[in-house]
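Novice: Structure of the sequence below:
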Amino acid sequence: MDHYAGIDVSLEQSSICVVDATGRIVREAKMASEPDALTGFLSMLGLPLTRIGLEAGPLSQWLLAGLVKAGYDAVLLETRHVKAALSAMVVKTDRKDARGIAQLLRMGWFRPVHCKSPSSQEVRALLVARKQLQAKMRDIELSLRGLLRGFGLKVGEISKGRYAARVRTLTAGHEMLERIAEAMLQAREALRTQFGELHRAMLRIVRGDEVCRRLMTVPGVGALIAVTFTSAVDAPERFARSKAVGAHFGLTPRKYQSGETDITGAVSRVGILGGRLSRMRQWGHRSGGGGARAIVMARRIAGRVGWGGPVSILFSPTRPEAEMLEEGEGDHGHECMAVETAHDRPSKWSRPSSSFIC
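Specialist: Sure thing, here's the model as predicted:
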């Protein structure tokens, strides 16, 4: 008889529930959230496990890799589906969640989630860390502006490179403000230095990635967008059609139809980027216009631009690739200055016979 195991993952301990093909609970336990502990318990059962399911989460992909390495058929479950299925339960506990996951596996009422490759996970971690340093640096700058404004000192519009000199000039002669400003400026400079290190590491990845260099031949696409796109797609062969790529990034509209009611809403944002669509919007703005048109353009570009398999399209830029990847010594506070601004110049692009925008 087939058996299914549902695992509700928590930071320290995970709840496990094993059910048979009829839905009867065979075994329940609570084990440490470690691959060895989970595989040891499952092997001790001596049952033929058809499938093991874990709800997608921060620890899930690490545990999934351990289960797959041990020879089990393990999958990650889409979180929104699991939440919707378990929302009918009045009492919510880790034990009941594990039971619900096991029943979803048994009935097949779930959507498997792609587990990214280790290299893609490393790139995503780099991008997140880079964004955090950039955000904290900007927080310090804005906080310092607010503090000085209370004393009638206005920083005004100033470049990133001249920001520190401008603040020191304004606070000269104010003992307390000088002490505060110097401490915050030193913290800002440390963040800026480390942000520059991560930014250069990102550029090195793009230089060595042929796919990223090809994506950068699209007008409006720089190093940051290219590496974000490739790390999010990870394995393009998992998309049967190129149109599915836009939906993967949450760039399709909401739809509600019931009886005579038929409503088409705004972009759903239900995808890998969730609410973080600003990067894709900027891509669409630079390539096709503003407002809803930018979303449509971003969706079309996401579906048309790719590599290998069903989402393959090639460009032949007249501008050499080395020019697009000049690192320069400019301000790293802006998003990839040397790379992004390279696309502002008019260029001629040779395209295949099929239209790029259709």
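
Novice: Going by C-alpha atoms from here, please, whenever you check contacts or count neighbours.
Specialist: Will do.

Novice: worst-scoring helix or strand of the chain, pLDDT-wise?
Specialist: Lowest on mean pLDDT, DSSP states H and E among the helices and strands of the chain sits helix 337-340, with a mean of 31.

Novice: quick one: which helix or strand includes residue 148?
Specialist: Applying DSSP states H and E as the criterion places residue 148 in helix 118-149.

Novice: just checking, what packs against that helix?
Specialist: Applying 3 or more Cα pairs under 8 Å, 6 or more residues apart in numbering; DSSP states H and E, one finds that helix 118-149 contacts helix 175-207, helix 223-233.

Novice: orientation of it relative to helix 175-207 in degrees?
Specialist: 160 degrees (axes from the mean of the first three to the mean of the last three Cα atoms, to 10 degrees).

Novice: For burial, what's the neighbour tally of residue 130?
Specialist: Neighbour count for residue 130, taken as other Cα atoms under 10 Å: 19.

Novice: ok, it - contacts?
Specialist: 195, 198, 199 (Cα atoms under 8 Å, 6 or more residues apart in numbering).

Novice: Of these, which is the most crowded?
Specialist: Sorting the contacts of residue 130 by how many neighbours each has (other Cα under 10 Å) puts residue 199 first, at 23 neighbours.

Novice: what about that residue, distance to residue 186?
Specialist: Counting by Cα to Cα, to the nearest Å, the gap from residue 199 to residue 186 is 20 Å.

Novice: again with residue 206
Specialist: 31 Å.

Novice: of these two, who's got more company?
Specialist: Higher neighbour count among residue 206 and residue 186: residue 206, with 20 against 12, using other Cα under 10 Å.

Novice: who's in contact with the more buried one?
Specialist: Residue 206 makes contact with 212, 213, 223, 226, 227, according to Cα under 8 Å, 6+ apart.

Novice: The same query, at a cut-off of 7 Å, please.
Specialist: 212, 213, 223, 227 (Cα atoms under 7 Å, 6 or more residues apart in numbering).

Novice: Which of the helices or strands spans the second one?
Specialist: Residue 213 is part of helix 210-215, with elements assigned from DSSP H and E.
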